[in-house]
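Peer 1: sharing a sequence plus its predicted fold:
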There are 2 protein chains.
Amino acid sequence: MKVGILGGGQLARMMALAGYSMGIHTLCLDPIANVCAADVTKVIQADFTDEKQLKAFAEQVDVITFETENIPLSTAEWVNEIKPIYPTLEALKIGQDRWLEKNLFKALCIPTPAFAAINNVTELEQAVAKIGLPAVLKTRRFGYDGKGQLVLKQATDMTGAWEKLGKQALILEQFIPFERELSLIAVREKNGNIQFYPLVENLHKQGILQLSQAPFENNLLQQKAEGYVQAILNKLNYVGTFVIELFQKGEELLANEMAPRVHNSGHWTIEGAVTCQFANHLRAICGLPLGSTAAKGYSAMFNIIGEYPEQKKILSIPEAHYHTYEKQAKPKRKLGHITINVADKAIYEQRLRQLQKIWL
Amino acid sequence: MKVGILGGGQLARMMALAGYSMGIHTLCLDPIANVCAADVTKVIQADFTDEKQLKAFAEQVDVITFETENIPLSTAEWVNEIKPIYPTLEALKIGQDRWLEKNLFKALCIPTPAFAAINNVTELEQAVAKIGLPAVLKTRRFGYDGKGQLVLKQATDMTGAWEKLGKQALILEQFIPFERELSLIAVREKNGNIQFYPLVENLHKQGILQLSQAPFENNLLQQKAEGYVQAILNKLNYVGTFVIELFQKGEELLANEMAPRVHNSGHWTIEGAVTCQFANHLRAICGLPLGSTAAKGYSAMFNIIGEYPEQKKILSIPEAHYHTYEKQAKPKRKLGHITINVADKAIYEQRLRQLQKIWL
């Protein structure tokens, strides 16, 4: 099987690496030169609007997927005429737009913070009056790692907010004083079979994911989250790996956002689950049965952001795994990640403290 | 870091794949066209005696290793003048020759079946008179997967044996009616630190490894085997992954053979150990600290020999992992392997039976 991937970043890189042992080869397409997947698989450098190159790309592969929802929908529609694209066009369309996402949650009775679409300053004022403050103002599209967001704490924060976010379609969301951020990763086969990974607890700093820990053990919340995700995946006739990010307050879970792809909060599955999210995504879209999503022991995944640590020091922890994406270091850029995976919980806690002492 | 690998078969392939996440790149050299590592890394096609290509190869890398002991010693010596080769030249020299191996075992007081060097028919007769029958007659060099071996059950089996094995330097070994074949994989850092994987139980059919199961849990035998391997590794000032194959009879362990490299009976470590044998070999030769060699649950590794099974069927077992080497199918050829890794022993046994029902 040959899988085409739109995008050639670290998610494509890890997908390519997961494919080799199964005999699944990949081919990426990315407008940027020297993307990090090029280190491990073939990449066509071309714009997402270059129909000639898209055709050449699509004709070389059996199925197509994407590693980012920030590709033009028209690109996905175009290649889908040549080879099937997964998860689905519908999932991509919704995953690109926070407003559509929120409406999907609402339609499926999945609790989510109050929200309103904002298309001008007047609508912003009306929405704030209705939802209240604090609230979070976000661009509907292309936001990631905290980009395209403003927290409005008091009425004066509204001044200039519309301009700061580029006078584009926005969404205002109620601010939730959550206890924890959780995510649930799931994968769905073409035949409708869904497997869920255990809940992951995530820690963000300045909008960028710093740390994911799994499994977050809580049967009630696990069941609740699975119910929500199942409703979404079945509604979309989804195929592949999916993630939902949730705010937790006691027994309550509020859907924050979803992504129709493999996800940063699932990188721990490479060492920490029986089958990793990348292998399971490939299995799903290639029509192979899913592997077990059970966790193996306890895992922590730390993103390497901005600068690389000394690899030797990190690997002095016997259960540490170092993943570089071979990117140029740059402030706020995700350059790699480190996973610690330990069978015993007490030793796991100890290793976490050790790593924090060495590195953080 | 860039690691040069002499040989481009499946062991090189899996080493290359293990390197990417650590930022370790590989370059192979192999005389054969389209070897299976070429699917995942760069391969220079050149004879092991092509000094021009060997020079180009060595100059592109930081350190050199090999995936097979069946390379000319002179090749290893030659590249070692340009970049350091690991484990060591001495280990390669001994690992190439059963007679030297057995003498090393003897010198280190490691029990091994009685043996004798054979250089002509008369010496064969003398050795049989001394060691007795049944016995195994083997070529000193280039034997693998049962090739270059004859079992002598009775005196008449001696007739023509010298000719059948090509009139070359041989070794006669006492036949051991063992209970089990075990292997111990270990890895040694430059600073002398040694880590041992748990013992593996191996099943061969017609000289080819069929099934490895780990961990084989027996503290006494584990300690005994570790003592033997430690003696060898320290004696050779060894750097990298190493294996010894042992015959077990009760509390007795007899060294059968060793290999100065990653080994087929260690493939289960990819999913079944905290750090796999390939990653640890790379860590050792690149001067990085070793990762934990602890087993995660219970593992079985089945070689795919001669023909590929239906991947979909194999992967219907949720804890199965399919590893293809992307080789042309051919009788007796190792084409890939399947690993089952399960935390719970009872479920593990069940999965084994399931796999055997589906496939074997």
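Peer 2: Looks like it came in fine. Everything quoted here is computed from the prediction, not taken from an experiment.
Peer 1: just checking, residue A:138 touches residue A:168?
Peer 2: No: applying Cβ atoms under 8 Å as the test, residue A:138 and residue A:168 come out as separate, 10.7 Å apart. Backbone N, C-alpha and C define where each C-beta goes, glycine included.
Peer 1: which one's more surrounded, those two?
Peer 2: residue A:138 (23 against 13; other Cβ atoms under 10 Å in any protein chain shown).
Peer 1: up against chain B, what does the stretch 1-150 of chain A have?
Peer 2: The stretch 1-150 of chain A has residues A:17, A:20, A:21, A:22, A:23, A:25, A:39, A:40 near chain B, with proximity defined as Cβ under 8 Å from any Cβ of the partner chain.
Peer 1: repeat that for 10 Å
Peer 2: A:1, A:13-14, A:16-18, A:20-25, A:39-41 (Cβ under 10 Å from any Cβ of the partner chain).
Peer 1: out of the residues you listed, which is most surrounded?
Peer 2: Counting neighbours by other Cβ under 10 Å, the top entry in these is residue A:13, with 30 neighbours.
Peer 1: what strand or helix carries that residue?
Peer 2: According to DSSP states H and E, residue A:13 maps onto helix A:10-20.
Peer 1: the next helix or strand after that helix: how far from the chain's middle?
Peer 2: Downstream of helix A:10-20, the next assigned helix or strand under DSSP H and E is strand A:25-30. Centroid displacement of strand A:25-30 relative to its chain, using Cα atoms, centre = their mean, to the nearest Å, is 19 Å.
Peer 1: helix/strand/coil for whatever residue of the stretch 151-300 of chain A ends up closest to chain B?
Peer 2: Chain B sits closest to residue A:292 of the stretch 151-300 of chain A, with a gap of 3.8 Å, by Cβ to the nearest Cβ. With DSSP: H, G, I helix; E, B strand; the rest coil as the basis, residue A:292 sits in coil.
Peer 1: touching, it and residue B:297? I think so.
Peer 2: No: between residue A:292 and residue B:297 there is no contact under Cβ atoms under 10 Å: 11.5 Å.
Peer 1: touching both of those two, which residues are there?
Peer 2: Counting by Cβ atoms under 10 Å, 6 or more residues apart in numbering or on different chains, the common neighbours of residue A:292 and residue B:297 are A:274, B:319, B:341, B:342.
Peer 1: residue contacts, the first one?
Peer 2: It refers to residue A:274. Counting by Cβ under 10 Å, 6+ apart, residue A:274 has contacts A:197, A:280, A:291-296, B:271, B:296-297, B:318-321, B:341-343.
Peer 1: at 7 Å what do you get?
Peer 2: Counting by Cβ atoms under 7 Å, 6 or more residues apart in numbering or on different chains, residue A:274 touches A:291, A:292, A:293, A:294, A:296, B:319, B:341.
Peer 1: taking those residues, please make a ChimeraX selection of just the buried ones.
Peer 2: Restricted to buried positions by 16 or more other Cβ atoms under 10 Å in any protein chain shown, the ChimeraX selection for the contacts of residue A:274 reads:
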select /A:291,292,293,294,296 /B:319,341
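Peer 1: farthest pair within the contacts of residue A:274?
Peer 2: Largest separation among those by Cβ to Cβ: A:293 and B:341, giving 13.9 Å.
Peer 1: can you list the domain ranges for chain A.
Peer 2: Using automatic domain parsing, the domains assigned to chain A come out as A:2-85, A:114-174, A:180-359.
Peer 1: out of those, name the one with the poorest average pLDDT.
Peer 2: Comparing mean pLDDT across the domains of chain A, the weakest is domain A:114-174, with a mean of 92.
Peer 1: so who does the spatially most central residue of chain A touch?
Peer 2: In chain A, the C-alpha nearest the mean C-alpha coordinate belongs to residue A:263, at 3.1 Å (Cα atoms, centre = their mean). Contact analysis of residue A:263 by Cβ under 7 Å, 6+ apart lists A:183, A:185, A:243.
Peer 1: for these, which single residue is the most surrounded?
Peer 2: In these, the most neighbours by other Cβ under 10 Å go to residue A:185, 28 neighbours.
Peer 1: I figured that residue hits residue A:245, correct?
Peer 2: No: the pair residue A:185 / residue A:245 is not scored as a contact, 10.3 Å apart, by Cβ atoms under 7 Å.
Peer 1: what separates residue A:219 from residue A:199, distance-wise?
Peer 2: From residue A:219 across to residue A:199, the span is 10 Å (Cβ to Cβ, to the nearest Å).
Peer 1: which of these two has more residues huddled nearby?
Peer 2: Counted by other Cβ under 10 Å, residue A:219 and residue A:199 do not tie: residue A:199 has more neighbours, with 26 against 7.
Peer 1: now that that one has come up, it's in contact with residue A:222, right?
Peer 2: Yes: between residue A:199 and residue A:222 there is a contact under Cβ under 7 Å: 5.5 Å.
Peer 1: just send the contacts of residue A:274 back as a markdown table, with distance to residue B:193 too.
Peer 2: Putting these into a markdown table (distance: Cβ to Cβ, whole Å) gives the following:
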| residue | distance to residue B:193 |
| --- | --- |
| A:291 | 34 |
| A:292 | 34 |
| A:293 | 35 |
| A:294 | 33 |
| A:296 | 25 |
| B:319 | 32 |
| B:341 | 26 |
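Peer 1: so which of the contacts of residue A:274 comes closest to residue B:5?
Peer 2: Nearest to residue B:5 among the contacts of residue A:274: residue B:341, at 26.2 Å, using Cβ to Cβ.
Peer 1: residues near residue A:207, how many?
Peer 2: By other Cβ under 10 Å, the residues close to residue A:207 number 13.
Peer 1: for residue A:276, that is, sorry about that
Peer 2: 25.
Peer 1: for residue A:326, give me its contacts.
Peer 2: A:36, A:39, B:23.
Peer 1: what's the nearest residue to the second one if we skip its chain neighbours?
Peer 2: Right, the one you point to is residue A:39. Closest residue in space to residue A:39, ignoring its immediate chain neighbours: residue A:326 at 5.1 Å, by Cβ to Cβ, 6 or more residues apart in numbering or on different chains.
Peer 1: against residue A:17, how distant is the one you found?
Peer 2: Residue A:326 sits 12 Å away from residue A:17, going by Cβ to Cβ.
Peer 1: ok, residue A:159 next?
Peer 2: 48 Å.
Peer 1: tell me how far the ends of stretch A:47-54 are from each other?
Peer 2: Terminal residues of stretch A:47-54 are spaced 9 Å apart (Cα to Cα, to the nearest Å).
Peer 1: whoops, I mixed them up, stretch A:156-176
Peer 2: 20 Å.
Peer 1: with stretch A:96-115 instead?
Peer 2: Span of stretch A:96-115 from end to end, Cα to Cα: 17 Å.
Peer 1: which parts of it are buried?
Peer 2: For stretch A:96-115, by 16+ other Cβ under 10 Å, it's A:96-102, A:104-105, A:108, A:110, A:112-115.
Peer 1: which of those residues fall in strands?
Peer 2: Mapping the buried residues of stretch A:96-115 onto strands (DSSP state E) picks out residue A:115.
Peer 1: show me the two of the buried residues of stretch A:96-115 that sit farthest apart.
Peer 2: Top of the distance list for the buried residues of stretch A:96-115 (Cβ to Cβ): A:96 and A:114, 21.8 Å.
Peer 1: ok so, going back, now for residue A:138 and residue A:168: what residues contact both?
Peer 2: By Cβ under 7 Å, 6+ apart, no residue touches both residue A:138 and residue A:168.
Peer 1: how near is the residue nearest to residue A:26 when sequence neighbours are not counted to residue A:5?
Peer 2: Closest residue in space to residue A:26, ignoring its immediate chain neighbours: residue A:16 at 4.3 Å, by Cβ to Cβ, 6+ apart. Counting by Cβ to Cβ, the gap from residue A:16 to residue A:5 is 8 Å.
Peer 1: no more questions from me, cheers.
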